[in-house]
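Visitor: Mind folding the following:
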Amino acid sequence: MPTVITQIGPSSLPSHPERITENIVVGKDILDLLTGSMYIDPLNIYREYIQNAADAIDEAHDKGLSFIEQPSVLISFDHIERAIKIRDNGVSICTEDFVRRLTTIGASQKRGKKLRGFRGVGRLSGLGYCQELIFRGRAEGDSKVSEIRWDGRILREKIRDQDFSGGLAEVIQAAVAVNTLEGDGFPSRFFEVEIKKVSRLRNDLLLNENAIRNYLSQVAPVPFSEDFHFGKEIQKRLKAHGIKEPIHIEINDGKGQIFHRAHNRIPTNGKVSELVRDVEYVEYQDLDGEVCAVGWIADHSYIGAIPKKFGFGGIRLRVGNLQIGDESISAGFFPESRFAGWVIGDIHIISPKILPNGRRDEFEPSAHYSHLQGELTLQAKKITQRIRERSAQRNRLRLVQQQLGAAQEWVNIVTEKSFPALLIEVIQEIAKEKLVQAAKEIDKLKDESEDRPLAVRRISELQGGLNELLPHPTASDNQNKLSNNFEKPLAAAFKTILVSTKSPKIAIMLLVEVLNAIEMA
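Guide: Just a heads-up that it's a prediction; the model follows:
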């Protein structure tokens, strides 16, 4: 039976689509996504709360509020109670707005204000990892402290209860309690997040001060250490492009302030580290010809990948001086992704047309982001070429050192003892050939190489020493000297033996015995 195809034309479709009239229900399960499933790495909750704290400090500056102490964030751990407090001295939230703002989901007042956060969901990220999440704050001029408590146990019970038919609003009303505290004992202006009864994850990761310090040195808007030689110049250039100032972040672990991950030395393994030689400053334009991103890339020897455990490697992308994603975000820019781990640097995106996604692990797809990716791909190709050149340079230098070492070994042997003139001539010839080979490799080294002049000087010294090796002939030497007809083939045989031996000293002693035997014959 043949198939019948019915043609549907524009006349078959409704001419005036109707708007929905049914009530829209936002279900309770949306909270499960926002408090647990949205953030892959548990440490991301620290990024979210630091982001909010940094925005609050910026707003305090913009409003001209004074700071009794320096603008800062303090992270306190109570291991006995399994609790974390993250407190800042930013603008905070006034009493009138406190409950509304901290129970509103996905309706942030930050959008369009050039602040780091603007979706209004990050503040609940801690709920997925604790029994209770508490917000406290006091704005400028408030006499009392406002407090909101989110009960994580009730929240999870309602979400999992199949008989609970309420939506998002009903779950929040059941899980949230409001309180007002006397202001005594609290700062005159502050905001804090308290995460109570923290879950045990991955060797208690969320209460591991070292892991958190390392994480925040990578993602948070913290300053460069005074020990990093290029830190002040980098910060100066970033400030000129409007990059937000870093903030003081401290943990109550006795180790003081947290600084940016960059150091003068870059570890490559447990025993070897590289010195940062210089910093390349980069600037990228968008499709409209305006600067969309600026940054810096450290220049070093590129002797190998920087182990991930140190948290140093990769070109990191940042918005508002806050890292987006991790070191792997730049791997796709490189012709070989492994080279992404050989580099260290930051690219600060300043274009409002390039936005982080909800998880802040990547960026929203757009033509402007695609254009920047293309620019970064070109940069990665240049870096890859530099890595290959440095590798070839090291191989040449290694060959130079091998040839110089071999020449020095032969020189040392003949200067330790007195040997027959024929044997010294052979050894001198071998050593000179090593120096010629070294000179050829030196010619391949770049002129700006720090090792080139040292190697050239070393060759000159060895050549001078070789010229002094042969003893001045005496009458006795002339009488005992072998006939020229026999001397050349013997010298050739000796050279073949010496260049192929693994133990020059033993070979020379045997050849001395051979010469003595020939002279006695």
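Visitor: residues contacting S188?
Guide: By CB atoms under 8 Å, 6 or more residues apart in numbering, the contact set of S188 is 68, 138, 140. The way it works is simple: take the backbone N, C-alpha and C, and place the C-beta from them, glycine included.
Visitor: which SS class is the first one?
Guide: State at I68, reduced to three classes by DSSP: H, G, I helix; E, B strand; the rest coil: coil.
Visitor: State the distance from it to L404.
Guide: Noted for I68: a distance of 64 Å to L404, by CB to CB, to the nearest Å.
Visitor: who's more crowded, those two?
Guide: A count of neighbours by other CB atoms under 10 Å puts L404 above the other of I68 and L404, at 22 against 8.
Visitor: which is the next helix or strand following the helix or strand bottoming out on mean pLDDT in the chain?
Guide: Least confident helix or strand, the chain: helix 475-480 with a mean of 42, by mean pLDDT, DSSP states H and E. Per DSSP states H and E, the first helix or strand lying C-terminal to helix 475-480 is helix 484-500.
Visitor: Where does pLDDT dip in the stretch 51-200 of the chain?
Guide: Within the stretch 51-200 of the chain, the ranges that satisfy pLDDT under 70 run 106-121.
Visitor: quick one: the strands in it?
Guide: In the stretch 51-200 of the chain, the strands defined using DSSP state E, counting those that start in this stretch lie at 72-78, 83-88, 132-138, 145-151, 176-181, 190-196.
Visitor: can you list the residues that contact the second one?
Guide: In this case it means strand 83-88. 46, 49-50, 53-54, 56-57, 71-78, 190-198, 206-207.
Visitor: quick one: strands adjacent to it?
Guide: Here strand 83-88 is paired, per DSSP bridges, with strand 72-78 (antiparallel), strand 190-196 (antiparallel).
Visitor: For that strand, list every residue counted as buried.
Guide: If you call a residue buried by 16 or more other CB atoms under 10 Å, then strand 83-88 has these buried ones: 83-88.
Visitor: of these, closest to V291?
Guide: D88 (30.3 Å; CB to CB).
Visitor: Now for the protein: which helix has the highest residue count?
Guide: helix 367-416 (DSSP state H).
Visitor: how far off helix 484-500 does that one point, in degrees?
Guide: Angle, helix 367-416 to helix 484-500, by axes from the mean of the first three to the mean of the last three CA atoms, to 10 degrees: 130 degrees.
Visitor: tell me the angle of the following helix or strand past helix 367-416 relative to helix 367-416?
Guide: Once the chain leaves helix 367-416, the next helix or strand it forms, by DSSP H and E, is helix 421-444. Calculated by the same axes, to 10 degrees, helix 421-444 forms an angle of 170 degrees with helix 367-416.
Visitor: Quick one: mean pLDDT for helix 421-444?
Guide: The average pLDDT within helix 421-444 is 79.
Visitor: Summarise which helices and strands it is packed against.
Guide: helix 367-416, helix 451-467, helix 484-500, helix 504-520 (3 or more CB pairs under 8 Å, 6 or more residues apart in numbering; DSSP states H and E).
Visitor: mean pLDDT lowest for which of those?
Guide: Comparing mean pLDDT across the helices and strands packed on helix 421-444, the weakest is helix 451-467, with a mean of 71.
Visitor: In contact with C130, which residues are there?
Guide: Counting by CB under 8 Å, 6+ apart, C130 has contacts 152, 195-199.
Visitor: Narrow the contacts of strand 83-88 to those that are buried.
Guide: Applying 16+ other CB under 10 Å to those flags 46, 49-50, 53-54, 56-57, 71-75, 77, 190-196, 198, 206-207 as buried.
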